[in-house]
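In: Below are the sequence and a predicted model; questions follow.
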Amino acid sequence: MRFTELRYQDPITQTYLGSPSLVRLPGGDLLATHDYFGPGAPLSHEGIPHLSSVYRSADNGATWTNLTHIAGTWWSTLFVHGPNVYLLGVSQEYGSIVIRRSEDQGATWSHPADERTGLLFRGGPRREPPNYHCAPTPVLLADGRLYKAFEDCDPLVWGSGFRSLVISADADADLLDATNWTMSNKLRFDPEWPPADWGPPENPGWLEGNVVQAPDGALWNVLRVNSRPAVDKAALVRIEDAGRRLTFDPQTGFIEFPGGMTKFTIRRDPVTSLYLTLSNNVTRPAYATQRNVLSLHASRDLHHWQHVRTLLEDDSPLSIEESIRLVGFQYVDWQFDGEELIYLVRTAYGGAHNYHDSNRITFHRLEGFRQLLGAA
C-alpha cells in the first residue's frame, strides 16, 4: 500500500497514535496534529493521557517535520481563523474544554491557564463530571458564529454516558476569553429511541458530532451512533437559538449513514454544494466494528448519502477475518485543497496489535475529486 507516513510508533511501546487533524496555513504550508493513547502513552499529573504533537510540511505533504509537543491538549481540532491557527479540544482524556492560538504558523502556542487565556469550560477532577469529550471534527463558521460539537460523558460510561452539546462564539470575539463562548444544553441519548428493526441495542449512544449547515440554513449536529448490532446509522440533532438549544426528533432524526459506527468528518464543497465525508462504510455487516475500508461519500441534503469511491482497503494477504481484526483506516480528518482532497488517517497496518491500536498517521491526497461527484 502506498502512503506518506507522517509518524510511525512501534507497537512494542504500547503507545498508539490518535486524533489526526490537518489544515493549510495562511502562508501555504500544511500543519498537522495527533495525540497519543494506550498503556504506554504519556500521562498528566492525574495519570490521564494528555499529549499531542505538531508537524509542518513545506512540500505539500511529501515530507513532515515535527515542530513541537503540547501537553494538556487531546482529541483536538486545528482550524484557521483570520491570520492565526487555533487548536480546540480538551485538556486530557475527559478533561476541560480548552483552546490554544498560534501566531507563528504552529511553532509556539498560547497556554490555557485560566478563563482569560483559553480555559473555556472546566472539567471535573479525575473522572468526575463534567467529563468533556470530542474528536477532530470541524469548527463551522455560520452566520457570524463559530460552532464546535462536544459531549459530556456523565456518568463516565463509554456509549450510554455521552450527552451531546455544542459550544459557539461570535466570530469577531477574542476566542481565548471564555466569557465569549456559549454552551448549549446537554442532550442525553434515550435507549428507547432506536427503531425496532435495529435489533436489541448494545450500549447505544452518540458521540463525535459534526456541526453542519443544511441547504436551508438550519444548523445540525450530525453524530456517530453506537448502533450495534445495526450498522451505518447516524443522528441529526437540531441546533437552535444561536447554539443555545439542541433538540432531537427520534421519528425523523436517524438516517442511514455509511460509516456511522466510527468517527467521521463532514464538510460542504463550496463549488458543488455537496456534503462530503470520508468514512468507514461497513462492507461485512456481521462485523460492526469494521474499519479496514475507507470511502468517499456524498450527499445533497445531509439525509441521503451515496458511495462515490473506495479510497483505502487492506491489500495484505490476511484473511477477511484477520484483516478486520488487525487493520484500520480511521478517524480521518480532511480538507478541500483546490481540485484535491487531502487527508490524514489514523492507520493500523503492518504490525498493529489490532485495528484500534493504530501504529501510524498517514497522509493521502485524492486528485480531481469533483470529477467523481457527477452522479451524486
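Out: Perfect, thanks for sending it. Residues are numbered from 1 along each chain as shown.

In: May I have the residues that are in contact with residue 308?
Out: 276, 295, 296, 297, 298, 372, 373, 376 (CB atoms under 8 Å, 6 or more residues apart in numbering). (Each C-beta comes from the backbone N, C-alpha and C, glycine too.)

In: Partner strands of the helix or strand hosting the fourth one and their direction?
Out: Think residue 297. If you go by DSSP states H and E, residue 297 is part of strand 293-299. Strand 293-299 pairs in its sheet with strand 275-279 (antiparallel), strand 305-313 (antiparallel), by DSSP bridges.

In: pLDDT averaged over the longest one - what is it?
Out: This means strand 305-313. Mean pLDDT, strand 305-313: 97.

In: Tabulate the CA atom coordinates of that strand in PDB.
Out: The C-alpha trace of strand 305-313 is given here as PDB (Å, rounded to 0.1, in the frame of the first residue of the first chain):
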ATOM      1  CA  TRP A 305     -25.700   9.500   1.200                       C
ATOM      2  CA  GLN A 306     -24.100   7.800  -1.800                       C
ATOM      3  CA  HIS A 307     -20.900   5.900  -2.100                       C
ATOM      4  CA  VAL A 308     -18.500   7.700  -4.500                       C
ATOM      5  CA  ARG A 309     -15.200   5.800  -4.400                       C
ATOM      6  CA  THR A 310     -13.300   3.400  -2.200                       C
ATOM      7  CA  LEU A 311     -10.100   5.100  -1.200                       C
ATOM      8  CA  LEU A 312      -8.300   2.700   1.000                       C
ATOM      9  CA  GLU A 313      -8.700  -1.100   1.600                       C
END
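
In: Quick one: end-to-end distance for stretch 263-279.
Out: 7 Å (CA to CA, to the nearest Å).

In: is residue 268 in a bridge, and if so with what?
Out: Applying DSSP bridges, one finds that residue 268 bridges with residue 275.

In: So it versus residue 340, what's the distance?
Out: 17 Å (CB to CB, to the nearest Å).

In: Strands along the stretch 151-300 of the chain, start to end?
Out: Along the stretch 151-300 of the chain, counting by DSSP state E, counting those that start in this stretch, strands occupy 162-170, 181-183, 187-188, 205-213, 219-226, 233-240, 245-247, 254-256, 266-268, 275-279, 293-299.

In: So which elements touch the first one?
Out: It stands for strand 162-170. Packing partners of strand 162-170 (3 or more CB pairs under 8 Å, 6 or more residues apart in numbering; DSSP states H and E): strand 145-153, strand 181-183, strand 187-188, strand 205-213, strand 219-226, strand 245-247.

In: list the buried ones in that strand?
Out: By neighbour count on 16 or more other CB atoms under 10 Å, the buried set for strand 162-170 is 162, 163, 164, 165, 166, 167, 168, 169.

In: which one of the strands of the stretch 151-300 of the chain lies closest to residue 136?
Out: strand 205-213 (9.0 Å; CB to CB).

In: Mind listing the strands the closest one pairs with, and their directions?
Out: Assessed with DSSP bridges, strand 205-213 is paired to strand 219-226 (antiparallel).

In: starting at the chain centroid, how far to the partner strand?
Out: 12 Å (CA atoms, centre = their mean, to the nearest Å).

In: Could you list the low-pLDDT ranges of the chain?
Out: Scanning the chain for pLDDT under 70 picks out the ranges 375-376.

In: The residue of the chain positioned farthest from its centre and residue 292, how far apart?
Out: The centre of the chain is farthest from one residue, residue 317, which by CA atoms, centre = their mean lies 30.0 Å away. Distance, residue 317 to residue 292, by CB to CB: 13 Å.

In: what does residue 210 give?
Out: Taking CB to CB, one finds residue 210 at 23 Å from residue 292.

In: How about residue 79?
Out: 29 Å.

In: Between the two, point out the one with more neighbours.
Out: Remark: of residue 79 and residue 292, residue 292 carries more neighbours, 26 against 20, as counted by other CB atoms under 10 Å.

In: show me what contacts the closest residue to the more buried one other than its chain neighbours?
Out: The spatially closest residue to residue 292, leaving aside those adjacent along the chain, is residue 327, at 4.1 Å (CB to CB, 6 or more residues apart in numbering). Neighbour list for residue 327: 291, 292, 314, 316, 318, 348, 349, 352, 355 [criterion: CB under 8 Å, 6+ apart].
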